[in-house]
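Novice: 3D model of this:
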Amino acid sequence: EQKPLWEHYLSCDGSPDPTVLQEINTFMSLWRDDQNEDVQLVMEKGEQVLNLIEKLQFLILDTPPSEITEKETVQYQESILELQNLLHQKYNGATEHLLKTANMYEDSETGNMQAVIKDKNVTFCIWANLKKKVRLKNHMFCDAQHGFDLPKSLAMSSVAVRILHTYYDHLSPLWLQCQSVPRLEVLDSKELTQHSKDNVEEPEEEEKKAKEEPSVPTEEEMCSDGRKVVKEISQKETNEKEEAITDENIVDLQQFVPVGGVYHIDALQLPPQVKQINDWSMVEVLNVGLQAYPYPPEEAEDATYPPIQITLRLSDNVMYFEDPVIARWDPAGQQWRTDGISNITYERQAKSITFEMRAFYTVALLQDAHLNMPYQAWELQPTGTDEALLIVTTVFATIQIQIKGNQCMLSSVVVEEKDVLSYVTGKWLSPVDLRAVLKKAGVNIFPGAYSHKYVSVNKKAPLAEVRAYQQMALVASAFAFAWSKWNLEAGQEQVVFKVSEHLKADSVKDWSLYMFNGQKAQKLKITESSEAFSEELEEDSEFHSTLYHMLKDFASKEAIDKVETANFLFIDVVYQLLLATRVLTYS
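Specialist: As a prediction, this is how the structure comes out:
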């Protein structure tokens with residue numbers, strides 16, 4: 001699986017190979033020494049850095065454990081952190097450069113500086129208090145719709161305000177790293193390398209339970225793969241040392257996820273400004289870098305210093321199904337906290353949120369990670385050769401995912417009868433990327449290793465659940481599957497779902513109920529509308545050890561031919577998506 005590296009050589013865009021320590025270190029030291037702090041250049045280079053970080057994260061996540069050493073994992077993680085820190089230093093350098101030339105961005109009305117500079121990864125909103133007039137203490141950045149209202153003392157000071165919105169979140173993984181340390185002693189060493197990897201990733205990848213990449217070509221291989229995933233699912237559910245968070249101001253990132261990126265809100269000291277003297281531009285050079293403006297002042301009692309009011313316009317690329325929780329980053333504890341923020345008003349229609357904070361903080365808007373769980377229904381149906389459609393219906397949304405060959409695509413997200421998130425629909429992605437994109441957009445239908453603590457789940461034996469997904473994937477080219485209410489009644493050891501042979505996209509589905517416990521499949525006599533649950537067998541049917549053999553009894557030759565010629569990559573993607581959504585447990 002050398003694809004990322006191969007693509008890297010083909011792209012030859014001058015970017016380093018992030019897995020080669022020497023290349024990545026040379027790249028970083030060259031950029032560190034580069035004195036050009038033009039904000040556009042920094043943003044362009046920033047995009048390259050974000051791509052390198054993404055490549056490394058993907059390698060940590062997506063490489064089978066047998067192909068990556070612990071040493072490599074640690075090296076990649078260290079490179080990720082260094083790249084993230086360097087990027088932020090460069091943003092600070094670019095900010096300082098802008099502030100030294102503040103008069104170039106002078107606002108004709110107020111005489112103060114204001115600038116909004118953005119690309120697809122970041123938005124810089126910078127305001128500099130050149131006039132120091134009390135009546136100019138608030139400002140709304142028109143191009144970004146973010147704004148602030150300063151206390152009087154700041155309106156009279158040499159201060160600049162920066163709202164730097166990064167559409168990515170490099171902070172939350174730091175919390176997950178801190179969290180992962182004490183849990184490791186529970187596992188044996190082989191699990192340990194796996195587990196420490198799982199916990200360092202972006203929160204959105206945190207539950208990459210089971211390294212979900214087993215390919216599913218043959219029955220024999222399937223069994224061994226199945227056991228591996230079963231072992232990991234059951235282990236994660238039993239091996240947790242419950243470390244409840246006692247301070248209720250600390251955000252539990254297994255329960256809440258930041259959506260819409262991170263807002264770094266800073267008060268900065270205004271550097272000396274350029275003066276024009278005849279044909280000369282003169283500026284006093286202080287080699288101190290970008291300096292924060294302390295507020296409230298160190299010696300101050302909080303009570304006497306009024307709060308700062310901030311308004312943020314929420315990103316259109318994110319779904320907020322409920323009022324977001326606002327939290328501030330606490331660098332000392334490496335955690336998100338909700339104290340220090342008050343008077344929150346959320347305007348759903350205008351998609352804006354206004355709040356007060358005691359000091360200048362880095363903030364994020366968080367959403368309950370499980371508000372789309374448990375699902376209300378799900379269905380998987382074939383739509384062509386090596387093509388299928390997975391539909392998951394939640395309280396808030398209906399999500400449709402198309403599967404074709406080795407890729408999948410978000411085809412629609414419908415909320416209150418409206419199509420939303422059009423910017424992410426219609427793109428073919430790998431299952432891993434699709435999950436990242438959906439979670440980033442605030443639509444989480446991927447339970448994590450800890451989700452059962454926050455959702456009342458319909459617990460099922462991992463063996464039955466995982467084997468069912470494998471078997472469903474194997475025959476998904478010719479059979480449709482769907483949610484059954486009887487799955488709740490069937491007990492922990494077995495799963496129940498509806499099945500229908502489905503060869504033409506528009507044909508009516510003739511559903512039957514099947515029950516499976518991982519070792520034994522059977523067709524049930526009851527229908528979805530029966531009075532009560534019964535395990536009685538359908539007449540003229542018998543037990544089989546697999547779903548495939550069970551379905552063969554009732555299927556047309558055409559359907560079985562289709563199953564036997566299905567591409568193993570298609571089967572694998574269907575399996576990955578079923579395992580990622582865990583529809584048999586979380587519906």
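
Novice: show me how far the helix or strand hosting residue 264 is from its chain's centre.
Specialist: Secondary structure assignment for residue 264, by DSSP states H and E: strand 256-269. For strand 256-269, the distance from its own C-alpha centre to the chain's C-alpha centre is 16 Å (Cα atoms, centre = their mean, to the nearest Å).

Novice: elements contacting that strand?
Specialist: strand 159-166, strand 325-330, strand 362-368 (3 or more Cβ pairs under 8 Å, 6 or more residues apart in numbering; DSSP states H and E). (Glycine included, C-beta is placed from N, CA and C.)

Novice: can I get it as CSV, trimmed to CA atoms?
Specialist: The C-alpha coordinates for strand 256-269 follow below in CSV (Å, rounded to 0.1, in the frame of the first residue of the first chain):
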residue,chain,number,x,y,z
PHE,A,256,-18.6,17.0,22.7
VAL,A,257,-16.8,17.8,19.5
PRO,A,258,-15.5,21.2,18.2
VAL,A,259,-17.2,22.0,14.9
GLY,A,260,-16.4,24.8,12.6
GLY,A,261,-12.7,25.2,13.6
VAL,A,262,-11.0,27.3,16.2
TYR,A,263,-11.1,31.1,16.9
HIS,A,264,-7.9,32.6,18.3
ILE,A,265,-9.0,35.9,19.8
ASP,A,266,-6.1,38.0,20.9
ALA,A,267,-5.3,41.5,22.2
LEU,A,268,-1.9,42.5,20.8
GLN,A,269,0.5,45.4,21.5
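
Novice: what's the angle between it and strand 362-368?
Specialist: Angle of strand 256-269 versus strand 362-368, following axes from the mean of the first three to the mean of the last three Cα atoms, to 10 degrees, is 170 degrees.

Novice: what's the mean pLDDT across the very next helix or strand once past strand 256-269?
Specialist: The first helix or strand that comes after strand 256-269 along the chain, using DSSP H and E, is strand 275-277. In this model, strand 275-277 has a mean pLDDT of 76.

Novice: then stretch 339-354?
Specialist: 93.

Novice: kindly check the end-to-end length of that stretch for me.
Specialist: Stretch 339-354 has an end-to-end distance of 16 Å (criterion: Cα to Cα, to the nearest Å).

Novice: before we move on, back to that, redo the helices and strands packed on strand 256-269 as CSV? Include distance to residue 547.
Specialist: Formatted as CSV, the helices and strands packed on strand 256-269 follow (distance: least, Cβ to Cβ, whole Å):
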stretch, distance to residue 547
strand 159-166, 46
strand 325-330, 42
strand 362-368, 35
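
Novice: between those, which gets nearest to residue 448?
Specialist: Nearest to residue 448, of all the helices and strands packed on strand 256-269, is strand 362-368, at 12.7 Å by Cβ to Cβ.

Novice: name every strand pairing with the closest one and say which way it goes.
Specialist: The pairing partners recorded for strand 362-368 under DSSP bridges are strand 256-269 (antiparallel), strand 325-330 (antiparallel).

Novice: which parts of the helix ranked longest in the chain are buried?
Specialist: When the chain is parsed with DSSP state H, its longest helix is helix 70-100. Residues of helix 70-100 classed as buried: 73, 75-77, 79-81, 83-84, 86-87, 90-100 (neighbour count, 16 or more other Cβ atoms under 10 Å).

Novice: quick one: it to chain centroid distance?
Specialist: The answer for helix 70-100 is 20 Å, by Cα atoms, centre = their mean.

Novice: other SSEs contacting the helix or strand residue 471 falls within?
Specialist: Assessed by DSSP H and E, residue 471 sits inside helix 462-475. Packing contacts for helix 462-475, counted by 3+ Cβ pairs under 8 Å, 6+ apart, involve helix 219-238, strand 495-501, strand 512-516, helix 547-552, helix 568-581.

Novice: contacting residues around the second one?
Specialist: I take that to be strand 495-501. 460, 464-465, 468, 472, 478-484, 486-487, 489-490, 509-517, 524, 528, 551, 554-556, 559, 584 (Cβ atoms under 8 Å, 6 or more residues apart in numbering).

Novice: make it 6 Å
Specialist: Strand 495-501 is contacted by residues 460, 464, 468, 479-482, 484, 486-487, 490, 509-516, 555, 559, 584 when judged by Cβ atoms under 6 Å, 6 or more residues apart in numbering.

Novice: count the residues that sit near residue 511.
Specialist: By other Cβ atoms under 10 Å, 16 other residues sit near residue 511.

Novice: oops, could you answer that again for residue 106 instead?
Specialist: Around residue 106 there are 15 residues (other Cβ under 10 Å).

Novice: beta partners for it?
Specialist: With DSSP bridges as the rule, residue 106 is bridged to residue 113.

Novice: got the contact list for residue 262?
Specialist: By Cβ under 6 Å, 6+ apart, residue 262 lies in contact with 166, 169, 364.

Novice: of those, just say which sits nearest to residue 579.
Specialist: Using Cβ to Cβ, residue 169 comes nearest to residue 579 of these, at 25.1 Å.
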